[in-house]
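Novice: my questions are about this predicted structure, shown below with the sequence.
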Amino acid sequence: GIALAMVGAHWQNLLGNAGPGGLLGVFSGWAFPLYAATVVVSNLSSGYLFGVPGFQNVPVYPLVAVGTISVIPFVLRFLKLRLTQAVMALVLANALGWAIVWLPTIPRHWVRVPAATAANLTTELHAIPASAEVIVNQSIMGRFAGRPWEYQTSLVGALPVHTDPFYVVIAPYAGVHNISVQAEVSIVAQLTHLPNAKLLWFGAHTYVWAVYQHVGTTFALNAGQMTNLPAWAFASQTGTPVVGSAPKNWYVAGLGQNGNVLDQAYWREAPGRLHASVTYSSMGPLWLQVWNATTGKLITQRYVPTSDGHKATATFPIWFAPSMAAPPQVFAGFGLWRIHPAEGHGRNELEIRVNAQAASMTNVYAVGLSKGE
């Protein structure tokens, strides 16, 4: 009874996993065992995360397409030619409908890892001992799989320490994440201030830390709990990370070029009152901009006066109006080509940019975004 109820609640996803391949192929000996073992089983849970069409069901799709072709001669045995041709036309139209509705959404769901980042990750993979414990962000976990202990950076609470040292791999901009860039950079900031953590690799926005701690103890990550974060850990259009002996003293330098000294500093926030801040030193004025990266629209920009080369912090209240936010609904398709997606987090990706004028020497040490009163 419970299983049938789950199937009834997930019928759109069951069809969504079979429809693009022709639907009829599900009933073939090629596809049905795998379809039942993966798609049906995934849709027997109360949630929708693993039941939606996606990479976890990729092996099913070509088998459904092959199965559809193999079923057509069988259909001919029981139906007249014209009726069989009508069935084939409906199967083709259905598959075409799925393509028209869903192919344009692929760039939003499948994010390529830049070549430089992928090369760095490959180097790091070979350099980290295969027996060592690794904590890594969810989007690149598969690359480091096959070892005895691997944990996600998004896990809350104390994680057991199995090896000394263990390694933390952060790649805030690689792939699709289940936590925000701000949460990933919070971990970078946490590790920066730990005396028992050593930064081993830094490049192409990937970071590998070795943490030296006794086996049998626990280690808690600080994902998302810090609101004022080091600028060097974010991406930059014209700024250059200035690195020294201690990462906690690093910063981003604008080097007198016109443009964004800092950008792609993302926070995941809901509408409401916020405070944006920047710690900087400059010989000219700056603009602190807050963009809604989800909609591509500027929320606000504030003038930041020159600090005459001295280190200073400027803080501004921000009103992120609900009218500026993207709709909270996750795209589900429409008509016959609709699925039941997993619930989204309902927040928008807000981006902080620090823009310098031409010939203005600028250093950015930290940026922050926090909830206001």
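Specialist: Cool, got the structure. All values reported here derive from a predicted model rather than from experimental measurement.
Novice: residue 186 touches residue 233, doesn't it?
Specialist: No - taking contacts as Cβ atoms under 8 Å, residue 186 lies outside contact range of residue 233: 9.5 Å. Where you see a C-beta, it was placed from the backbone N, CA and C, and this is true even at glycine.
Novice: tell me where the stretch 151-300 of the chain has strands.
Specialist: Under the criterion DSSP state E, counting those that start in this stretch, strands of the stretch 151-300 of the chain are mapped to 158-160, 166-170, 197-203, 206-211, 218-220, 228-230, 240-242, 251-253, 259-269, 272-282, 286-292, 297-304.
Novice: quick one: distance of the fifth one to the chain centre.
Specialist: Going back to what we said before, that points to strand 218-220. Going by Cα atoms, centre = their mean, to the nearest Å, the spacing between the C-alpha centre of strand 218-220 and its chain's C-alpha centre is 24 Å.
Novice: list the helices and strands that strand packs on?
Specialist: Secondary-structure packing of strand 218-220 (3 or more Cβ pairs under 8 Å, 6 or more residues apart in numbering; DSSP states H and E): strand 158-160.
Novice: flag every buried residue along the strand it packs on.
Specialist: Neighbour counts over strand 158-160 (16 or more other Cβ atoms under 10 Å) mark residue 159 as buried.
Novice: list the pairing partners of it within its sheet, with orientation.
Specialist: Strand 158-160 pairs in its sheet with strand 218-220 (antiparallel), by DSSP bridges.
Novice: what residues does the partner strand touch?
Specialist: Strand 218-220 is contacted by residues 135, 157, 158, 159, 160, 161, 166, 211, 213 when judged by Cβ atoms under 8 Å, 6 or more residues apart in numbering.
Novice: buried ones in it, by neighbour count?
Specialist: residue 219.
Novice: go on, stretch 291-309?
Specialist: 291, 292, 293, 294, 299, 300, 302, 304, 306, 307.
Novice: any chance of those in JSON lines, plus pLDDT and distance to residue 364?
Specialist: Shown next, in JSON lines, are the buried residues of stretch 291-309 (pLDDT from 0 to 100; distance: Cβ to Cβ, whole Å):
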{"residue": "291", "pLDDT": "92", "distance to residue 364": "16"}
{"residue": "292", "pLDDT": "92", "distance to residue 364": "21"}
{"residue": "293", "pLDDT": "88", "distance to residue 364": "19"}
{"residue": "294", "pLDDT": "86", "distance to residue 364": "24"}
{"residue": "299", "pLDDT": "92", "distance to residue 364": "19"}
{"residue": "300", "pLDDT": "90", "distance to residue 364": "18"}
{"residue": "302", "pLDDT": "89", "distance to residue 364": "15"}
{"residue": "304", "pLDDT": "87", "distance to residue 364": "10"}
{"residue": "306", "pLDDT": "86", "distance to residue 364": "14"}
{"residue": "307", "pLDDT": "87", "distance to residue 364": "11"}
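Novice: out of those, which is nearest to residue 124?
Specialist: residue 293 (27.5 Å; Cβ to Cβ).
Novice: contacting residues for the closest one?
Specialist: When contacts are taken as Cβ under 8 Å, 6+ apart, residue 293 is in contact with 266, 348, 349, 350, 351.
Novice: how about the helices in this protein?
Specialist: Secondary structure of the chain (DSSP state H): helices located at 2-9, 11-18, 32-35, 41-42, 60-76, 81-102, 106-109, 115-127, 181-192.
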